[in-house]
Structures are given as structure tokens and as C-alpha cells.
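> No sequence on hand, only this structure:
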């Protein structure tokens with residue numbers, strides 16, 4: 001496990017240093033892709049080859065990886081790999097709109113490091129530092145196109161995200177106070193230290209701690225009403241950065257909520273933690289689903305879809321029980337691949353038509369057939385259509401809701417998910433299948449192979465998980481559900 005962990009964390013750092021010291025993209029792009037590939041391979045070994053589903057420690061008291069962390073590590077490392085491959089094509093001359101190229105690759109790799117470090121951290125203070133590092137690094141990446149709108153979005157993201165994480169840190173401090181009578185006045189706030197004694201913690205302080213954590217870290221998740229930064233940042237960032245924000249960053253912050261929530265649940269009983277997850281999840285699902293009907297900016301539309309899907313995950317875990325929780329953790333993986341595909345497709349559209357407005361994009365299927373197919377596949381995938389994995393995960397959450405007699409919540413998910421699908425598919429259907437109107441030479445340029453490979457990788461993952469769950473992944477999802485979701 002130690003070697004695997006060193007590779008997971010060390011390769012992105014090595015690539016960040018190499019791309020910073022190297023001259024030009026001749027070294028930065030291949031070094032970053034190689035590091036991301038090695039990181040993902042090491043994550044697969046750590047999660048499936050070394051028994052992480054049962055809980056494994058490494059590097060003394062620094063690293064702890066169990067089923068819950070394993071799900072989010074796979075999502076983060078997988079998106080990091082896909083984004084690195086896509087970026088290698090997107091940053092080619094005449095394709096993407098990235099001005100800060102000198103900083104892009106070092107920051108992207110540092111972003112990848114922070115994302116994979118989050119589910120590996122045993123110490124809650126280190127976990128907070130890792131999530132805060134994602135804020136600082138990704139805020140600079142949001143400005144990579146150098147526009148006034150991107151600078152404003154990054155500033156709003158930095159202020160709101162940092163304020164939220166300050167509240168989350170206060171929640172960790174309160175949890176420390178709750179454990180002090182049990183563990184003494186001086187101890188390390190590690191998961192492996194707190195979890196065994198969680199049932200003996202002060203319930204009142206544990207409730208206060210989780211309330212602060214879900215508001216604080218929930219700001220980074222984009223849960224309503226703490227979501228104000230998300231639509232601007234996701235829509236103004238370069239498309240590969242948007243994919244990383246949506247597919248991996250939101251999940252990393254959600255991991256922090258769930259990791260601390262599992263400790264609070266043992267102290268307070270399941271009702272309190274799951275009720276808060278249900279409230280914030282349902283609010284996010286409903287608001288984002290309705291906003292999806294009124295977006296003229298297609299990247300902003302995808303940003304609201306991200307809020308909706310984080311609400312779905314929170315709702316599934318809040319419902320509880322083995323089926324809904326299993327579906328929620330499968331949804332983390334499905335959403336990571338689906339939203340990466342969606343923002344990759346948006347990057348194709350932006351690079352060809354040079355506008356974020358849906359009204360300015362027409363005839364994609366005629367001018368760029370591969371891009372058109374990928375964009376429509378993304379719309380169907382994030383909308384929950386079979387055979388894509390999002391359909392399977394949402395069906396499991398709904399089935400779990402019915403199994404626990406949560407008929408209203410299951411019905412709410414079905415209705416709002418269909419409303420959001422209508423808004424998303426209607427927008428992309430018109431953009432892709434309408435007649436071409438004076439397509440420019442740029443709009444009809446040849447496909448970029450690396451961008452196409454990244455999108456095909458997303459589709460392959462979505463279809464594979466939609467049709468088949470391998471036995472090791474099934475065990476991992478069950479293990480994750482048992483940490484917080486499968487309450488009795």
C-alpha cells in the first residue's frame with residue numbers, strides 16, 4: 001500500500017515540477033499524461049489489489065483508505081487522467097482558448113494532487129488543507145482564459161469557497177471538542193482515532209459539528225443555498241478545468257462531508273445526519289432542476305446540472321439503506337464520467353463556434369459529426385438515459401427509496417430528474433441536430449485525436465458501468481455504503 005500511495009501522490013507532484021521547470025508544452029503535456037496514467041493505475045491497485053475496501057493504513061498515521069475513500073479516489077484519479085489527455089489536445093494551437101499556458105500544466109497537476117490526497121488523508125486537519133488547496137489552485141485555473149468574466153468568477157469562487165471552508169474548519173474544531181472528554185486534551189483528530197470512540201462523543205457537540213461541516217464543505221460541493229459561486233466558475237473556466245471542477249472537485253468536498261458525517265452519525269444516531277443530507281440534497285435537486293430549464297449559456301446549464309447531481313448523491317445517502325446508498329456511491333463514479341464527457345463536448349463546441357451561448361451554435365452534426373455524437377451522448381448520459389451508468393445509479397436510488405417507504409423523495413427524484421433532462425436535452429438537441437447556418441472553417445476543422453480519445457474513454461466507462469458492475473467494484477460500493485449510508 002505504501003508504494004501505491006507514494007505513486008498516487010508523488011506522480012502528480014513530479015509532473016507539476018517537471019512542467020514548471022520544463023520549457024514549453026513539448027515536455028509538460030506528455031509528462032502530465034504519463035503522471036495521470038500512473039496515478040490512476042496506482043489508485044486501481046490500492047483500491048482493488050490491496051484490500052482497501054476493508055480499510056488499510058499507510059505511511060504511519062498519514063494515510064487511511066477504506067471503501068468510502070476508495071470510491072472518491074477512483075473518481076478523482078479517473079477524471080484527472082481524462083482531463084490530462086483532453087488538455088493535451090485542447091492546448092494545441094488553434095483549438096482551445098487558454099492564455100496562461102505557462103501555468104496551466106503545473107497547476108493542473110497540483111490540482112490533481114490535491115484531489116487524490118483528499119480521500120487518502122487520515123487526519124481531518126490534513127483533509128481540510130487538501131480541500132483548501134483545491135480551492136487556491138483551481139481558482140487560478142478558472143482565470144486561464146484571461147477574460148474579465150473569468151477573473152470575476154474566480155474571485156467570487158475564492159471568497160465564497162474560502163469562507164465556506166473556514167466554517168468547515170470550525171466544524172472540525174467542534175468535533176475535536178466533542179472527543180476531548182473521551183480521548184483527553186491532546187490527540188490527533190484522525191479518522192482511525194475518532195471512529196472507534198465515535199459512539200461516546202458528546203451528541204450535542206457532534207450535531208453542531210456536522211451542521212457546520214455540511215454548511216462549510218457543502219459550499220464547495222455546491223449544495224443549495226451555498227452554491228452561488230459554482231455556475232460562474234464552471235461556465236467561465238476552460239472546459240477541461242470545468243470537467244475537473246464538476247467531476248472531481250465537488251466529489252472531493254462531498255467526501256469530507258460524508259467522512260465527518262460518519263463519525264457524527266455514530267455519536268448522534270442516524271436520523272440527524274441523514275435528515276440534513278436530505279434537506280440540502282432535495283433543495284439542490286429541485287432548484288438546479290428548475291434552473292436547467294432557463295439557461296441560454298450551455299456551460300452554465302451544465303454547471304446547474306452538477307448541482308442537481310450532487311443533490312441526488314446527498315439525497316440517496318440521506319435516504320439510507322443498502323440499496324439507495326449503493327446507488328449514491330455508484331452515482332459519484334457515473335457523474336464523474338458523465339460530466340467530464342459533457343464539459344469535454346462543451347469544449348469542442350466552444351473551440352469551434354467561439355461562443356458559450358446555445359443560440360450561437362447550430363448544425364454541429366453536419367460540421368463536426370464526432371463532436372455532435374459525443375455532445376448528444378453526454379446529454380443523454382447526464383439526463384439518466386439507458387444504457388449509461390447514471391440511469392443505473394438513479395434507478396438504484398429510487399428503488400432504495402421505495403424499499404424504505406420514502407415514496408415522496410423517490411418520486412421527487414424521478415420528477416425533477418426528468419424536468420432537468422428535458423431542459424438539457426432540448427438545448428443540446430437543437431444545437432447538434434439543427435441545420436448548419438454559415439459554418440465557419442474553424443467550426444468544421446478536423447477532430448483533435450486526443451480530445452476525441454478522452455471523450456470516447458468517458459463513453460466507454462459510462463456504458464460499461466451501466467451494463468456491468470465487476471465483483472471488486474461491487475464490494476467497494478457495498479463497503480462505502482456501510483460506512484454511512486446503510487443505516488438500519
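The structure has been received and is ready for your questions. Bear in mind the structure is a predicted one, so any value in this text is a computation, not a measurement.
> C-alpha from now on. contacts and neighbour counts both.
Fine.
> got the contact list for stretch 245-261?
Stretch 245-261 has contacts (C-alpha atoms under 8 Å, 6 or more residues apart in numbering) with 68-69, 72, 75-76, 79-80, 115, 118-119, 127, 131, 134, 138, 210, 213-214, 217-218, 220-222, 234, 273, 303, 306, 310, 332, 335-340, 484.
> what mean pLDDT does stretch 297-312 have?
Across stretch 297-312, pLDDT averages out at 94.
> Pull the distance from that stretch to the chain's centre.
12 Å (C-alpha atoms, centre = their mean, to the nearest Å).
> got it, and stretch 369-376?
23 Å.
> Give the rounded mean pLDDT of that stretch.
For stretch 369-376, the mean confidence score works out to 91.
> now swap in stretch 467-480 and tell me
Mean predicted confidence for stretch 467-480 is 94.
> what about residue 274, distance to residue 319?
Distance, residue 274 to residue 319, by C-alpha to C-alpha, to the nearest Å: 7 Å.
> do residue 459 as well
Taking C-alpha to C-alpha, one finds residue 459 at 29 Å from residue 319.
> the more surrounded of these two?
residue 319 (32 against 22; other C-alpha atoms under 10 Å).
> In terms of pLDDT, where does that one sit?
93.
> Please list all residues in contact with it.
With C-alpha under 8 Å, 6+ apart, residue 319 has these contacts: 274, 278, 325, 400, 401, 404, 406, 485.
> Name only those of these that count as buried.
274, 278, 325, 400, 401, 404, 485 (16 or more other C-alpha atoms under 10 Å).
> would you list those in CSV and tack on distance to residue 104 and secondary structure?
Formatted as CSV, the buried ones among the contacts of residue 319 follow (distance: C-alpha to C-alpha, whole Å; DSSP: H, G, I helix; E, B strand; the rest coil):
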residue, distance to residue 104, secondary structure
274, 39, helix
278, 38, helix
325, 37, helix
400, 42, helix
401, 43, helix
404, 47, coil
485, 38, helix
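> Nearest to residue 449 among those residues?
The nearest member of the buried ones among the contacts of residue 319 to residue 449, counting by C-alpha to C-alpha, is residue 325 at 37.6 Å.
> what's residue 455 in contact with, if anything?
Per C-alpha under 8 Å, 6+ apart, neighbours of residue 455: 86, 340, 341, 344, 345, 374.
> Among those, which pair sits farthest apart?
Longest span within the contacts of residue 455, C-alpha to C-alpha: 86 and 374, 13.5 Å.
> And what about the residue nearest to residue 100 when sequence neighbours are not counted, helix, strand or coil?
Spatial nearest neighbour of residue 100, chain neighbours left out: residue 144 (5.1 Å); criterion: C-alpha to C-alpha, 6 or more residues apart in numbering. Put simply, residue 144 is helix when judged by DSSP: H, G, I helix; E, B strand; the rest coil.
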